[in-house]
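Engineer: sharing a model that was predicted from the sequence below.
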Amino acid sequence: MISALSDEQEEWVKSAGFGSLVDFELWEIPQRLAYKVLEAFDEKKCMLVLQSGKIKIIDHLVHEILGLPCRGHEVKLAQGDSRYDRLLEWREQFSVSEGQSLIKASDVVEKMRQSGAVDDLFKINFLVVMANVLIRSNTNNFVAQSIILFDDDLDNCAKYNWASYLIRSLVITKQRWKRTSSLFYTGPMIFLLIGPLDEKNSEEAQYQMFKSEMEHFFNRYPNIRFEGSDLLFFPVYANRHFYLVCFNLMKQAFEVIDNIRQGKNAGKYYGPRIRLLRRHFEKYLLENNLSLLANLVKNLKPSYLVMPWQTIQNDTDCGLFLMRHMETYMGDAKTWTSDLKPENVSKL
């Protein structure tokens, strides 16, 4: 969750019950998809209501998804002034004007990176970042500071049920949220996004997100139709890398186009993800009364295009390669001219 922690800092994070977060990475949140899941959350029954079934949100599920401690005491915040000195001490580390208390998340992270120590300020900084990322944030760019009032010694975090604390936040923030252009959801969006995708109902949950994206696309471009199309492109972003999947209806092929050459590992690397994409696409076509096209898509076998400009390690420019591939690929790899060279995108 925060890179470049010292070994001692990592040890404290693990001892505090948050070891699963040391290597936790999330580069972006697809907001529209996450809000779709949020709308499916019934805060009165504390469950996700999906077409495939219902998922009860319980402490153990949060632990399985995010690794937060799910046993122990209820997390409570101090009332009155009993932890106010801790709050003031924490604020003093930042260069803010007297009487000001607005701190940016980036400033908190920077303080953690600058210090290799495992003192109270580091521990508070970690809790602030963890709580704002995973549990509850503000609607602006400044961190919510209420977690600083955690009513116990900071070394006792592992003795508390943080999973239950997240669920309480989920219920409260959903009750207060209304989806308008002026009110962002401030609750545990990351859990909502990845939670149902790790359950047995994951494929159905992912399909609902896929369907939502398709509907959004066709609402935006109502004149585009599948009928009469020769090439159907699906950009894919996975493992911090962009590549392209093409349903080539001219050649009845299901093609993976990537600037990185996977060689013999291509089937293993792409296989599960692109097969899932194909199932989603087939289901979407059937629901829209395009059974002939759905049957064609169902029977397509994946192929992995080999191009002379493919590289071994260059994933830095993968987004540029993807756009160029969509722009220049006309369905025939043998006659394809992209003006690209290995490890060189200068001609773009």
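Structural biologist: Arrived safely.
Engineer: got the CA coordinates for the one helix or strand S212 maps to in CSV?
Structural biologist: Using DSSP states H and E, the element containing S212 is helix 202-220. Extracted as CSV, the C-alpha positions of helix 202-220 are listed here (Å, rounded to 0.1, in the frame of the first residue of the first chain):
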residue,chain,number,x,y,z
SER,A,202,-17.3,-13.5,-9.2
GLU,A,203,-18.0,-14.3,-12.9
GLU,A,204,-21.6,-13.0,-12.7
ALA,A,205,-20.5,-9.9,-10.8
GLN,A,206,-17.8,-9.2,-13.4
TYR,A,207,-20.3,-9.8,-16.2
GLN,A,208,-22.7,-7.2,-14.7
MET,A,209,-19.8,-4.7,-14.8
PHE,A,210,-18.9,-5.7,-18.4
LYS,A,211,-22.6,-5.2,-19.3
SER,A,212,-22.6,-1.8,-17.7
GLU,A,213,-19.6,-0.7,-19.7
MET,A,214,-21.1,-2.0,-22.9
GLU,A,215,-24.4,-0.2,-22.2
HIS,A,216,-22.5,3.0,-21.4
PHE,A,217,-20.6,2.7,-24.7
PHE,A,218,-23.7,2.2,-26.8
ASN,A,219,-25.6,5.0,-25.0
ARG,A,220,-22.7,7.3,-25.9
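Engineer: helices and strands around it, which ones?
Structural biologist: With contacts taken as 3 or more C-beta pairs under 8 Å, 6 or more residues apart in numbering; DSSP states H and E, helix 202-220 sits against helix 31-39, strand 47-50, helix 266-287. No exception for glycine: its C-beta is placed from N, CA and C like everyone else's.
Engineer: rerun that using 10 Å as the cut-off
Structural biologist: Other helices and strands packing on helix 202-220, by 3 or more C-beta pairs under 10 Å, 6 or more residues apart in numbering; DSSP states H and E, are helix 31-39, strand 47-50, strand 53-56, helix 266-287.
Engineer: of all the ones you listed, which lies closest to M307?
Structural biologist: M307 lies closest to helix 266-287 among the helices and strands packed on helix 202-220, at 12.9 Å (C-beta to C-beta).
Engineer: and the strands in the stretch 51-200 of the chain, which stretches?
Structural biologist: With DSSP state E, counting those that start in this stretch, the ranges of strands along the stretch 51-200 of the chain come out as 53-56, 73-74, 160-161.
Engineer: L88: which of those strands is closest?
Structural biologist: L88 lies closest to strand 160-161 among the strands of the stretch 51-200 of the chain, at 23.4 Å (C-beta to C-beta).
Engineer: tell me which residues are up against that closest one.
Structural biologist: 16-17, 59, 62-63, 68-76, 150-152, 167-168 (C-beta atoms under 10 Å, 6 or more residues apart in numbering).
Engineer: just the buried ones from those, in PyMOL syntax?
Structural biologist: The PyMOL selection below is limited to those of the contacts of strand 160-161 classed as buried (16 or more other C-beta atoms under 10 Å):
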select buried, resi 16+17+59+62+63+68+69+70+72+75+150+167+168
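Engineer: surely G263 touches I312?
Structural biologist: Yes: assessed by C-beta atoms under 10 Å, G263 is found in contact with I312 at 9.3 Å.
Engineer: who touches both of the two?
Structural biologist: Common neighbours of G263 and I312 (C-beta under 10 Å, 6+ apart) do not exist.
Engineer: buried ones in stretch 229-237?
Structural biologist: Buried residues in stretch 229-237, counted by 16+ other C-beta under 10 Å: F233, V236.
Engineer: if we can go back for a sec, the helices and strands packed on helix 202-220: lowest mean pLDDT?
Structural biologist: Among the helices and strands packed on helix 202-220, helix 31-39 has the lowest mean pLDDT, at a mean of 77.
Engineer: got the buried residues for that helix?
Structural biologist: Within helix 31-39, judged by 16+ other C-beta under 10 Å, the buried ones are L33, A34, Y35, K36, V37, L38.
Engineer: the inter-axis angle of that helix versus helix 202-220?
Structural biologist: 120 degrees (axes from the mean of the first three to the mean of the last three C-alpha atoms, to 10 degrees).
Engineer: with that, I have no additional questions.
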